[in-house]
Every structure is written in structure tokens, then in C-alpha cells.
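structure for this input, please:
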Amino acid sequence: MRKCLFLAYVLVTVAIVLCAVTTTQAALTNVAVGKTATASSQYSGTYPAGDAIDDYWNHYSNSWVSRPGDTSENPDGQPWWQVDLGQAYDIAEVDLISRDAGGQAEHINGAYLVAYADNGSGGKGDQVGNAIQLGGYTDGSDSTATWRQTWSNGGTWNNVRFIEISDIDDILPHPNGTMQIGEVRVMADLPTAPKFITGVTAAVTSLTTPLYSSGHRDVKTEHLVNNVGMTDQGMTGWGGGDSFVYAASMNGGLWHTEDMYDDTTGALLGDLPELTFDLHGKCDMEGMTIWNISQPGLTMRGFRNVNISYSTDGGTTFTLLPDENLYYDGNYQIAQAIEDSTNDPDLIIDLTSLNLTDVTHFRIQALDSYWGTANTGDEYFGLSEVRFFGDRTPTVRPPGDASNDGAVNELDARILATHWLEEGIHLTYDDGDFNGDYIVDDLDASIMAANWGFGTEGQAVPEPGTVTLLILGVFGFLLVRKLRC
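Sure thing, here's the model as predicted:
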């Protein structure tokens, strides 16, 4: 009986909490970028330890590689790599990317990932959690290779300052083998910058734009909005003096098209690129910032004159922002990136005077690039990063609404399916973990099923009391089923 009462109490509590769901300004943040990395050795000056935390995923030279055999500087011959995070963090997961070179991904299999606390004086202290043996890394195409894997400790690693990867068992091939790491991203759930709108996604919505097909890890639309390659990782915001200006776009983490012009005739090969950004909810806007492509020697690929528009109806219709580019085509001109250490935003748009409320999408359509129309054989179009600032419009979020668009529908079902049976402290309501138990399972599916259709056209979002009754009904059924088992 006591067990029954306890389970009933938990279910009622969860239902009440779900009826008061609110979103918080926090996000998984890479706390390793710009920190101090050391290693047992390095193959040459081309492969220093710091290249494994520069947030540049792709190029084989932006990696750490140990010296073959690793004995000249490391007598026991067991290679290791370590990052000092500078302070203690509660780590949700470690995203480890293998080196991008033919046949080299396997050079991390068998090594161990270990977390350590601070010893009280800035040095490495006690081990935190269990050592995790890495494995399963392979080379291949972007869609089939397991070159990127996420590792967790079955929960948060608490108070971690050091992350080490080492060949504890001496399992890597010796004496001529090397340990190789492409990138280590140490993710902690941290508050985001003021007004910084997180959770944005980007997509190419021009129909015939030639898309880059070489499979490079760095060239993805997701990198336009996920802080990859940004020095601040989203921690500087709008309205904080000029601090946000100094967030720099590095070489890594960008998007661009394929060659836009025929090499022989100079004819345009498809639609000029159009990027649509989904804010995943209604937002009252204050500004946006854009960083152009900043790859050394390739800044000519950057968007130049553009049309920027916004939508308040879920992306069905778009309205152009006022024309601030009077003497050229388009309503804005994005400056060409300057190849220096600061690489400030190349376009800053203050939207406060426009009183833009309930905005759901933005769209950037390129009209030309800094190549002009010269037939050089390399007329790619692209950007590095786009950020949006403002406040999310307060809405009633029905239980089961993973996408936070005020409705429970097929989009939420897809999100739930994507994370089905996934476990970990990194899971949030946005991933389908509706009851906060860090696993996406049948309990979450039941919550969604109980509210299916709410917020869709012709169906109002129910009052919180009604939602509570629905959830309690579903949970009650699950409770009875559990007790009968």
C-alpha cells in the first residue's frame, strides 16, 4: 500500500509540474574552446595539442597526433592528451571527433576517456566517475562513418576540471602507431547570454542551389546557428555594451554552396542561395548579427548584397526589413570578413525601433558574393554564423510539445522518435523528456498521446486543469498496469 501511495504521489507531482512548464535560458556549451591542452608528445609542429580544442572539425592538420611510439618524450610509450578547463564544471557529455584523414579514425579506439577534479591548487585531483573506453570509430562518408560520437557517464560528471584521453592499457599499435584526436568538445549546461535566442535551426530553402557535396564536417547549415567555430560559444549577448562584438568566427563551423557558376560559360548553375532560420516559437526581436565566411584566403565567398525578411505566421509569408542598402540591390550589405584575430560581426542589425513581435522565422537571400560574377572556378557563396537576439513570447506550452510551437503534432512525434530510449543528463523537454527522468520512453509517449492535437488549427490549447486530468488519467493507467505486473 505504501508503495502504491508513493507512486501515486510521484505521478501527481510530475503532472502538476508538467502543467507549469517554462523554458530556461540555458544550453549545452562547449567549455573546452580556448582552454589549455597538453599532451605526452606531438607528431610535429603541425599537430599540437591545442588543435584538438579549436572547434575546427574538418581538416586533418587541425588535429592532435602523438609521436609514433611516443617514447622520446614519454618514456612509458603510452600517449595521452589532456585539457584543463580552467575551473570546475558539471559536465553533461563529451563530444569526441576523430581525425579527418583516410584510415586514421581508428587511432582513438581502445583509449580511455577520464575526468578529474581540481586538487584544490589548480592541479589534477581525484578521478570523477568511471573511465570510459572509446571504440567504434571508423572512416567513411559523412552519412556512414562513426567519426563523431558522444560519451557520457550515465549522468553528470560533477566538479570536473580536467578531461584526459590516454592509452592506459597500451592497446594502441606500437612502436610505430600514434594516437590521433580531431576535436574534443566538453559540454556543460550553462546559462546563455542575455537576449540570445537559442534553439534556432537553419535550412537551405532555395530549390536549385548547388549544395556543397564533398561531405566536409565543417560545411553544414547547422553550423550557422550552433556556435561551432565561435570564440565565445554563445556566452556574449546583445545589450551588454560592446562585449558581443568581440565574439569571433574562426575557420571552423560554416556553410557554403558548391561553385555557383559554370567554369566555361560563366552561367549561373541554379538559384542563388536562400537560407531560412526557424526560431521555433514566437519572439519579440531586438537585433541580429551575421558573420561572413572568414576562411583565410577565401573570404571572397561571403554573401555581399542580400535581402533579409521575417515571418510572423510560421514561415508562410515573409516581409522585407526596411532598405538600408540604398545604392545597391537588396536591403542590406554584409561586409567582407577581415582576416584578423578579432573578426567582429560583419553585419549588426538593430531591430528595436521596428517593434517586431511574434516573429517565427528569418530569411537571408544572397544576391551576389564578393567574387562578383568573375569566372574563377571557385564562386562559392556562404556564411559563418547568424545570431538572433530578443525575448521569446510567453506561451502556454502544452505537455508533449517538444518543438515549443504551442501544438502537439507530427513535429513533436518526430522529435520523440529521434531520441527514443536515449538516456542522459543532457536530455531536456525539447528532446521529448517530458517528465524529466533523463530518458525518453513510453511515459513520455503517453504524455504526448494524451495531448495529441492540442494547439493545431481548430483545436484550442486546453486549460492547465484539463491537461492535468488527462495526464493523471494516462499515468493512472500506467500505475495500474505496473501494479498488475
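
break this protein into its domains for me.
Listed domain ranges for the chain are 2-23+398-484, 28-188, 201-392 (source: automatic domain parsing).

comparing those, which gets the lowest mean pLDDT score?
Among those, domain 2-23+398-484 carries the lowest mean pLDDT, at a mean of 67.

how about the domains of the chain in CSV, adding mean neighbour count and distance to residue 195?
From N, CA and C alone the C-beta is placed, and that goes for glycine too. Formatted as CSV, the domains of the chain follow (neighbours: other CB atoms under 10 Å; distance: least, CB to CB, whole Å):
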stretch, mean neighbour count, distance to residue 195
domain 2-23+398-484, 17, 14
domain 28-188, 19, 16
domain 201-392, 18, 4
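
out of these, nearest to residue 194?
With respect to residue 194, and counting by CB to CB, the nearest of the domains of the chain is domain 201-392 at 4.4 Å.

output the domains of the chain as TSV; include the columns distance to residue 194.
Shown next, in TSV, are the domains of the chain (distance: least, CB to CB, whole Å):
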stretch	distance to residue 194
domain 2-23+398-484	15
domain 28-188	15
domain 201-392	4
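
what sits against residue 84?
When contacts are counted by CB atoms under 8 Å, 6 or more residues apart in numbering, residue 84 touches 35, 36, 37, 38, 161, 162.

ok, those vs residue 97, which is closest?
Nearest to residue 97, judged by CB to CB, of those is residue 37 at 14.4 Å.

hang on, isn't the closest one packed against residue 63?
No - Residue 37 is beyond contact range of residue 63, at 11.8 Å (criterion: CB atoms under 8 Å).

between these two, what contacts are shared?
By CB under 8 Å, 6+ apart, the residues touching both residue 37 and residue 63 are residue 52.

residue 407 should be in a strand, yeah?
No - Residue 407: not assigned to a strand; according to DSSP: H, G, I helix; E, B strand; the rest coil it is coil.

distance of it from residue 382?
Applying CB to CB, to the nearest Å, the value for residue 407 to residue 382 is 33 Å.

again, but for residue 131
41 Å.

likewise residue 79?
From residue 79 to residue 382 the distance is 36 Å (CB to CB).

in contact with residue 109, which residues?
So residue 109 contacts 134, 135, 136, 137 (CB under 8 Å, 6+ apart).

how about the secondary structure of residue 353?
helix.

pretty sure residue 323 contacts residue 331?
Yes - if you go by CB under 8 Å, residue 323 and residue 331 touch, sitting 4.4 Å apart.

overlap in contacts of the two?
Counting by CB under 8 Å, 6+ apart, residue 323 and residue 331 have no shared contacts at all.

and residue 383, what is it in contact with?
Per CB under 8 Å, 6+ apart, neighbours of residue 383: 224, 254-256, 275, 290-293, 302-303, 334, 364.

those in helices, which ones?
Among the contacts of residue 383, no residue falls in helices (DSSP state H).

quick check, nearest of the residues you listed to residue 124?
Nearest to residue 124 among those is residue 254, at 34.9 Å by CB to CB.

ok, for that closest one, nearest residue in space, not its chain neighbours?
Once flanking residues are discounted, residue 254 sits nearest to residue 384: 4.5 Å by CB to CB, 6 or more residues apart in numbering.

kindly report the same for residue 369.
Using CB to CB, 6+ apart, the closest residue to residue 369 is residue 381 (4.8 Å).

and for residue 67?
Spatial nearest neighbour of residue 67, excluding adjacent residues (CB to CB, 6+ apart): residue 41 at 3.9 Å.

what kind of secondary structure is that neighbour in?
Following three-state DSSP, we place residue 41 in the coil state.

pretty sure it sits against residue 66.
Yes - with contact defined as CB under 8 Å, residue 41 reaches residue 66; the gap is 5.2 Å.

would you map the strands across the stretch 101-250 of the chain?
112-118, 124-133, 148-151, 157-166, 180-181, 183-191, 201-204 (DSSP state E, counting those that start in this stretch).

can I get these in JSON lines including distance to residue 415?
Below are the strands of the stretch 101-250 of the chain laid out as JSON lines (distance: least, CB to CB, whole Å):
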{"stretch": "strand 112-118", "distance to residue 415": "28"}
{"stretch": "strand 124-133", "distance to residue 415": "27"}
{"stretch": "strand 148-151", "distance to residue 415": "17"}
{"stretch": "strand 157-166", "distance to residue 415": "26"}
{"stretch": "strand 180-181", "distance to residue 415": "31"}
{"stretch": "strand 183-191", "distance to residue 415": "19"}
{"stretch": "strand 201-204", "distance to residue 415": "12"}
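
figure out which of those strands is closest to residue 344.
When the strands of the stretch 101-250 of the chain are compared by CB to CB, strand 201-204 sits nearest residue 344, at 21.1 Å.

do you know how far residue 272 is from residue 417?
Distance from residue 272 to residue 417, counting by CB to CB: 35 Å.

swap that for residue 453, sorry
18 Å.

now residue 62
34 Å.

repeat that for residue 136.
23 Å.

list the residues that contact both of residue 41 and residue 66?
residue 79.

give me the phi and psi angles of the nearest residue to residue 83 once chain neighbours are set aside.
Excluding the flanking residues, the one nearest residue 83 by CB to CB, 6+ apart is residue 37, at 4.7 Å. Reported as degrees, to the nearest 10, the phi and psi values for residue 37 are phi -110, psi 140.

residues contacting residue 37?
Counting by CB under 8 Å, 6+ apart, the residues that residue 37 touches are 48, 49, 50, 52, 53, 64, 81, 82, 83, 84.

so which of these comes closest to residue 205?
Using CB to CB, the contacts of residue 37 come closest to residue 205 at residue 53, 33.8 Å.

give the contact list for the nearest residue to the closest one once chain neighbours are set aside.
Computed as CB to CB, 6+ apart, the closest residue to residue 53 that is not its neighbour in sequence is residue 32, at 4.5 Å. Applying CB under 8 Å, 6+ apart, we find residue 32 in contact with 53, 83, 85, 163, 184, 185, 186.
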